[in-house]
Each structure stands twice: as structure tokens, then as C-alpha cells.
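**Q** Could you look at this predicted model? Sequence included:
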Amino acid sequence: MDWVNIVVPVLALAGALLGGYLTQLTGGWVAERREDRRLLREARVELERWVATRTGPLGVAYPGISAEDMAPVQKQSLEEFFARHFQATFEAKAALGAVRRFDERIGRVLDLNRWDLPIESVAELREALTQAERRAKLTRRETRALLVDPHAR
């Protein structure tokens with residue numbers, strides 16, 4: 001029996017097993033980074049939606065309609081405004097909570113004893129999300145040394 005008939009199938013089997021292992025390992029890392037970037041983008045969008053919902057209806061009025069007739073319209077518009085704002089606040093806090101492990105500033109803002117997000121911290125959150133998204137594009141080895149929020153799960 002020729003040694004080539006033995007060595008070639010053994011090398012092919014080793015290559016196939018090693019290739020399958022490396023593909024699975026690399027594919028997992030790539031998928032994890034892709035999911036991290038998706039969560040960070042979603043958090044940025046929800047934060048901007050929350051900022052946009054902070055402006056409510058001010059003095060709803062139409063020419064020729066009395067204030068008494070406009071009262072129910074004003075009341076309904078305020079109810080709808082607060083419903084949208086509360087929903088946007090909930091969604092923003094949930095999206096930010098999902099990515100709090102990327103930057104400790106996000107966790108500090110979320111840990112405040114408030115039902116909403118402080119408007120003063122929006123610039124800080126924007127910067128934290130931008131930097132976190134930039135870091136999420138790095139390899140696993142480069143992100144391992146990042147300061148991680150101790151409250152993250």
C-alpha cells in the first residue's frame with residue numbers, strides 16, 4: 001500500500017475538521033459583533049426618538065373656534081402626547097439597558113432614581129453610544145480590556 005493513499009485522506013479529514021471548527025468559531029465572533037452593533041444602533045435611535053417626543057402640543061387653537069370648544073381637543077392632544085412620551089421613555093431606557101455594559105456612563109444615567117432620562121445627560125449618552133459603537137467594531141481581544149459596567153448582567 002502506498003503511503004500517499006493513507007496520508008492524503010488523513011490530511012483531508014484533519015483539514016475539514018479544523019476548517020469546520022475555525023468557521024464556527026469565527027462565525028460566532030462575527031455574529032456577536034454584528035448583534036452588538038445592532039443593539040447600539042437601536043439604542044441610539046430610541047434615544048433620539050425620546051428626545052423628539054419631549055416637545056408637546058402648546059396652545060392648540062384654530063381661528064374662529066372658541067376656547068371652550070377647543071378644550072376637549074387640547075385635553076386629547078395632551079393625553080396622546082404623554083402616552084407617546086411615556087412609551088418612548090420606556091423604549092429608550094430598555095434599549096439603553098441592553099447596551100449598558102459597553103460604557104459605564106450609560107449605566108450611571110440609567111441608575112438614577114428617575115422615571116425618565118435627564119435631558120442634561122443626552123449629550124453624554126450620545127457620546128457614550130458613539131464610542132461604544134466604534135469599540136464594538138473591534139476584535140474580541142481589543143474589547144476585552146474595556147472598562148465594563150459592574151451593574152451589567
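**A** Now that the structure is in, tell me what you want to look at.

**Q** Let me see the contact set for residue 45.
**A** Contacts of residue 45 were listed using CB atoms under 8 Å, 6 or more residues apart in numbering, and they are residue 95. For glycine as for every other residue, the C-beta is placed from the backbone atoms N, C-alpha and C.

**Q** so it is in which element?
**A** When elements are assigned from DSSP states H and E, residue 45 belongs to helix 4-52.

**Q** How far off centre is that helix?
**A** 20 Å (CA atoms, centre = their mean, to the nearest Å).

**Q** pLDDT of that helix, averaged?
**A** For helix 4-52, mean pLDDT rounds to 83.

**Q** okay, residue 82: pLDDT?
**A** Predicted confidence (pLDDT) for residue 82: 91.

**Q** For residue 19, see how far away it is.
**A** Separation of residue 82 from residue 19 (CB to CB, to the nearest Å) stands at 57 Å.

**Q** Contact partners for the residue nearest to residue 50 when sequence neighbours are not counted?
**A** Using CB to CB, 6 or more residues apart in numbering and skipping residues adjacent in sequence, the residue nearest residue 50 is residue 92, 3.9 Å away. Contact analysis of residue 92 by CB under 8 Å, 6+ apart lists 43, 46, 47, 49, 50, 117.

**Q** and if we set it to 10 Å?
**A** With contact taken as CB atoms under 10 Å, 6 or more residues apart in numbering, residue 92 is in contact with 43, 45-51, 53, 110, 116-117, 125.

**Q** nearest to residue 87, of those?
**A** Among these, residue 53 lies closest to residue 87 (CB to CB), at 8.2 Å.

**Q** Looks like the closest one contacts residue 90 (just checking).
**A** No - counting by CB atoms under 10 Å, residue 53 stays clear of residue 90, with 11.1 Å between them.

**Q** Please identify the helix or strand for residue 59.
**A** Per DSSP H and E: nothing holds residue 59, as it lies in no helix or strand.

**Q** State the number of residues packed around it.
**A** 6 (other CB atoms under 10 Å).

**Q** And the pLDDT at it?
**A** For residue 59, the predicted pLDDT is 76.

**Q** My read is that it contacts residue 78, right?
**A** No - using CB under 10 Å, residue 59 is not in contact with residue 78, being 11.1 Å away.
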